[in-house]
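A.B. asks: My questions are about this predicted structure, shown below with the sequence.
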Amino acid sequence: EADIYQTPRYLVIGTGKKITLECSQTMGHDKMYWYQQDPGMELHLIHYSYGVNSTEKGDLSSESTVSRIRTEHFPLTLESARPSHTSQYLCASSGWTGAYEQYFGPGTRLTVT
Amino acid sequence: RKEVEQDPGPFNVPEGATVAFNCTYSNSASQSFFWYRQDCRKEPKLLMSVYSSGNEDGRFTAQLNRASQYISLLIRDSKLSDSATYLCVVGYGGATNKLIFGTGTLLAVQP
């Protein structure tokens, strides 16, 4: 089992609020990812990082931002939440060169009212 | 056209049945291949990696055909607990190790 954690698991918040979704892993993985998934739909990569102080936007445009100051921590921030941000956000990590599989955290289900 | 294509199902099968899922991918530069399992409202979990030589893990067998850009998963002796969505996943390796996920195939095993 992978040791990757996300908090909160569920969040209901009003429009315009700033929120930060937390993701931490204890495996020392250098690569970390954020995905967005709507019910019954595929995962879309919104951000990734291949090491400390490196972040890149993913394939799906997102108004969120990320930071990677420490290897184990990869938080995602929405400066002003909107109902269109309602979705499940999944964090994943991947290990050393040659280990291509990604391991997922339990996800944060966000509802913006 | 999606980079990874799967039949969305649902596949409704009785317990004990053998079921096969297929997947095609469009980018011949793909380097890694996986099947993930996702239960309803849960995170995806790695089921198995897929190799050109084919690989087996208990009741599960995965095959890769690079020439046809085709991946398959066979589940023998289906259990109720196999009910889930099965995601075909293709990766490009390298420094970023990005993965591309299919939309998934829903399996419902009936008692």
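C.D. replies: Yes, it's here.
A.B. asks: What strand or helix carries residue B:63?
C.D. replies: Per DSSP states H and E, residue B:63 falls inside strand B:60-65.
A.B. asks: Name the residues of that strand that are buried.
C.D. replies: B:60-64 (16 or more other CB atoms under 10 Å in any protein chain shown). Just so you know, the C-beta spots here come from the backbone N, C-alpha and C atoms, and that holds for glycine as well.
A.B. asks: likewise stretch A:47-59?
C.D. replies: A:47-50, A:55, A:58.
A.B. asks: Considering only those, which also neighbour chain B?
C.D. replies: Filtering these for proximity to chain B by CB under 8 Å from any CB of the partner chain leaves A:48, A:50, A:58.
A.B. asks: which bits of chain A sit near chain B?
C.D. replies: Near chain B, when you scan chain A using CB under 8 Å from any CB, you find A:31, A:39, A:41-43, A:45, A:48, A:50, A:56, A:58, A:88, A:90, A:94, A:100-107, A:109.
A.B. asks: Report the contact partners of the spatially closest residue to residue A:5 that is not a sequence neighbour.
C.D. replies: Among residues not flanking residue A:5 along the chain, residue A:24 sits closest, at 5.0 Å (CB to CB, 6 or more residues apart in numbering or on different chains). Applying CB atoms under 8 Å, 6 or more residues apart in numbering or on different chains to residue A:24 gives the contacts A:4-5, A:72-74.
A.B. asks: show me where chain A has strands.
C.D. replies: All strands of chain A, identified by DSSP state E, fall at A:4-7, A:10-13, A:19-25, A:31-37, A:44-51, A:54-57, A:65-66, A:76-78, A:87-94, A:102-104, A:108-112.
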